[in-house]
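Undergrad: here is my input, please return the structure:
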Amino acid sequence: MNDLSNAQELATDRITAPLRFPTFRRIWLASLLSNLGILIQGVGAAWAMIQMTSSADKVALVQTALMLPVMLISMPAGAVADMHDRRIVALVSLGITLAAATTLAMLAWLSMVTPNILLALCFTVGTGMALMGPAWQASVSEQVPSEAVPAAVALNGISYNIARSVGPAIGGIVVAAAGAVAAFALNALLYLPLIAALFLWKRITEPPTLPPETLNRAMVSGLRYIMNSPPIKIVLIRSMVIGLIGGAIIALLPLVARDLLHGGAEIYGMMASAFGLGAVIGALNLTEVRKRMSGEAAIRACAVSMGGAIAGMALSREPVLTAIALVLAGAMWMMTWLLFSVGVQLSAPRWVAGRSLAAYQAASSGGIAIGSWTWGHVTDAAGVDVALLISAALLLCSPLLGLWLPMPRIDARDEEPEMLDDPKVRLPLTGRSGPLVVEIEYRVLQENARAFHNVMQEVQLFRQRNGAYGWSIARDIADPELWTERYHCPTWLDYLRQRNRATQSERALDRRASAFHIGPEPVRVRRMLERPFGSVR
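TA: Numbering: from 1, shown residues only. Predicted structure coming up:
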């Protein structure tokens, strides 16, 4: 029986509900081990860099090296995730990451690691994770029903942060007892269960009715969708800002342990574990927060609370007080990113889910990567405590951004539409025939002109994000009741894709526009092949 057949029995308000589905449960447990290895390696890499150099800039660049690939290659990775089998994409990505982790362990064992080699291999590990991220996140909706997607997203966050709550402490012990090489080797071994779990996943896919897009066209389609989707654009901007100003907490944590608390690898591991414990608490409370608060109110509360916690870290010189501040910071940090991630996942239809999540990853990771580099320079110039206080002040001011860019409502994602029958044509066409011009004529009462025009502005956005360009709406000057909507598609195949990408809410918007039409004849649709001078086919 398919996992999704249990949807009728699903208790959507329970965070553990997605674990009822065997495929999700198996992959989730394996990812927990993989995340544990990533966090252990993170401690090893950060502490190895501290031992090799006293430069705060170099230490902070470890975080940049891990996050920068996500910013650079997320969009191609998202396009690949939407074009190909997401299970295969995830396996190939894990292979790249495993190879880099194994190489790092071998070079560390041979005492051949330098700061630049460490950064290069961290960059390679980050590249593998960047390739995997969109396929991994977009496949959640294939493992559980849509009602369970928010809980499944939260559980994936919990998986990482359960590992974060114990992984750094284990990493600190491993590094203190056996050195960074043991941390790197352990990370490589812990990738294997996830690879096995993905091999066991029997992914069920529906054969596409249209041929896949090319990589370039898929990236353009994804960018076009995002640029014409206000809710996703708002989430991307807000997430980049939070990454830029809040990334200090991740980048500077090793320096907090060394310079403010005067500790070693064990203290660093304990502080990172406190942050991870807070993140688990935040993820477990996501459902309750979403019930009680709007997305904007929750993001504002998280930013203000995180700013206060980072200020406490800057002023504290006691490990216990710093750990308490880190628990609060971790809870708010994780809740913020989960709210952003759920917002993107539920705002994007399945055909562009991987690319939308890739854009989110690029924005958030790019913010953290650039922020980490910036906070490293600020720390070199003014000290760890001053850098943290500046970050805290900016976070306290960040809710003002909500006055201009309020978070969108987060509702359940529209069900995927059924494919429409292809329109009948008499002109012989191929998939590459084009450009295609579509004209739709409406007859609207003059007293309804303003309301109709307002609806058509929304129609414009969904036509453009699904593949149309050159959209316009015109009113006949000799017959004021006659309106003509006009847009282009590059080819006949692109038009068929654009026609079948509309979600239920977009179909409803189309029906709202058509409801203004009056007269005995239905809305008239013309589809025309645009021809350059001298061409008839």
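
Undergrad: where along the protein do the strands fall?
TA: 436-443, 469-475, 482-489, 524-529 (DSSP state E).

Undergrad: how about a markdown table for these, with mean neighbour count, distance to residue 427 and mean pLDDT added?
TA: Bear in mind the C-beta positions are built from the backbone N, C-alpha and C, glycine included. Listed next are the strands of the chain as a markdown table, based on neighbours: other C-beta atoms under 10 Å; distance: least, C-beta to C-beta, whole Å; pLDDT from 0 to 100:
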| stretch | mean neighbour count | distance to residue 427 | mean pLDDT |
| --- | --- | --- | --- |
| strand 436-443 | 18 | 11 | 95 |
| strand 469-475 | 14 | 21 | 95 |
| strand 482-489 | 19 | 15 | 96 |
| strand 524-529 | 13 | 6 | 92 |
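
Undergrad: nearest to residue 233, out of those?
TA: Nearest to residue 233 among the strands of the chain is strand 469-475 (18.0 Å), distances taken as C-beta to C-beta.

Undergrad: of the strands of the chain, which is nearest residue 336?
TA: Here strand 469-475 is closest among those (C-beta to C-beta), at 35.0 Å.

Undergrad: which neighbouring elements make contact with the closest one?
TA: Strand 469-475 sits against helix 449-465, strand 482-489, with contacts defined as 3 or more C-beta pairs under 8 Å, 6 or more residues apart in numbering; DSSP states H and E.

Undergrad: and the longest one, what's buried?
TA: The neighbour-count check on helix 449-465 (16 or more other C-beta atoms under 10 Å) flags 452, 455-456, 459-465 as buried.

Undergrad: can you tell me which of those is nearest residue 474?
TA: Scanning those for proximity to residue 474, where the rule is C-beta to C-beta, the winner is residue 456, at 10.7 Å.

Undergrad: wait, the closest one sits on residue 486?
TA: No: assessed by C-beta atoms under 8 Å, residue 456 is found out of contact with residue 486, at 11.4 Å.

Undergrad: what sits in contact with each of the two?
TA: residue 473 (C-beta atoms under 8 Å, 6 or more residues apart in numbering).

Undergrad: is it possible to get CSV of the helices and strands packed on strand 469-475 that adds distance to residue 394?
TA: What follows is those, written out as CSV (distance: least, C-beta to C-beta, whole Å):
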stretch, distance to residue 394
helix 449-465, 32
strand 482-489, 42
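
Undergrad: so which of those comes closest to residue 351?
TA: Nearest to residue 351, of all the helices and strands packed on strand 469-475, is helix 449-465, at 11.1 Å by C-beta to C-beta.

Undergrad: closest to residue 243 out of the strands of the chain?
TA: strand 469-475 (31.5 Å).

Undergrad: okay, the angle between the closest one and helix 449-465?
TA: Orientation check (axes from the mean of the first three to the mean of the last three C-alpha atoms, to 10 degrees): strand 469-475 against helix 449-465 gives 170 degrees.

Undergrad: other residues contacting strand 469-475?
TA: Strand 469-475 is contacted from outside by 449, 453, 456, 460, 463-464, 482-490, using C-beta under 8 Å, 6+ apart.

Undergrad: ok, residue 527 touching residue 435?
TA: No: counting by C-beta under 8 Å, residue 435 is not a contact partner of residue 527; they are 11.4 Å apart.

Undergrad: where along the stretch 101-250 of the chain do the helices fall?
TA: 115-138, 140-143, 149-178, 180-190, 192-200, 215-227, 230-246, 248-251 (DSSP state H, counting those that start in this stretch).

Undergrad: can I get these in a markdown table with distance to residue 272, mean pLDDT and mean neighbour count?
TA: Compiled in a markdown table, those are given as follows (distance: least, C-beta to C-beta, whole Å; pLDDT from 0 to 100; neighbours: other C-beta atoms under 10 Å):
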| stretch | distance to residue 272 | mean pLDDT | mean neighbour count |
| --- | --- | --- | --- |
| helix 115-138 | 16 | 83 | 23 |
| helix 140-143 | 26 | 76 | 21 |
| helix 149-178 | 3 | 74 | 23 |
| helix 180-190 | 13 | 88 | 23 |
| helix 192-200 | 22 | 88 | 16 |
| helix 215-227 | 33 | 81 | 19 |
| helix 230-246 | 16 | 91 | 23 |
| helix 248-251 | 9 | 84 | 27 |
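
Undergrad: in TSV: these, plus distance to residue 303.
TA: Formatted as TSV, the helices of the stretch 101-250 of the chain follow (distance: least, C-beta to C-beta, whole Å):
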stretch	distance to residue 303
helix 115-138	23
helix 140-143	26
helix 149-178	18
helix 180-190	32
helix 192-200	33
helix 215-227	23
helix 230-246	7
helix 248-251	12
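
Undergrad: what's the closest of those to residue 297?
TA: Nearest to residue 297, of all the helices of the stretch 101-250 of the chain, is helix 230-246, at 13.5 Å by C-beta to C-beta.

Undergrad: who are the packing partners of that closest one?
TA: helix 215-227, helix 295-315, helix 319-345, helix 353-382, helix 384-397.

Undergrad: which one of the ones you listed lies nearest to residue 234?
TA: In terms of C-beta to C-beta, the element of those nearest to residue 234 is helix 319-345, at 8.5 Å.

Undergrad: quick one, that closest one and helix 115-138 angle?
TA: On the basis of the same axes, to 10 degrees, helix 319-345 is oriented at 50 degrees to helix 115-138.

Undergrad: what packs against helix 319-345?
TA: Packing contacts for helix 319-345, counted by 3+ C-beta pairs under 8 Å, 6+ apart, involve helix 149-178, helix 230-246, helix 265-284, helix 286-292, helix 295-315, helix 353-382.

Undergrad: one step back: of all the helices and strands packed on helix 230-246, which one is nearest residue 185?
TA: Of the helices and strands packed on helix 230-246, nearest to residue 185 by C-beta to C-beta is helix 353-382, at 25.9 Å.

Undergrad: quick check: angle from the closest one to helix 384-397?
TA: Going by the same axes, to 10 degrees, helix 353-382 makes 130 degrees with helix 384-397.

Undergrad: could you give the number of residues near residue 191?
TA: 22 (other C-beta atoms under 10 Å).

Undergrad: and it, what does it touch?
TA: By C-beta under 8 Å, 6+ apart, the contact set of residue 191 is 34, 37, 94, 97-98, 101.

Undergrad: mind checking how far it is from residue 93?
TA: For residue 191, the distance to residue 93 equals 11 Å [C-beta to C-beta, to the nearest Å].

Undergrad: residue 436 too?
TA: From residue 436 to residue 93 the distance is 36 Å (C-beta to C-beta).

Undergrad: what's the answer for residue 217, then?
TA: For residue 217, the distance to residue 93 - C-beta to C-beta - is 22 Å.

Undergrad: want to throw the strands of the chain into JSON lines with distance to residue 340?
TA: Below are the strands of the chain laid out as JSON lines (distance: least, C-beta to C-beta, whole Å):
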{"stretch": "strand 436-443", "distance to residue 340": "35"}
{"stretch": "strand 469-475", "distance to residue 340": "29"}
{"stretch": "strand 482-489", "distance to residue 340": "31"}
{"stretch": "strand 524-529", "distance to residue 340": "39"}
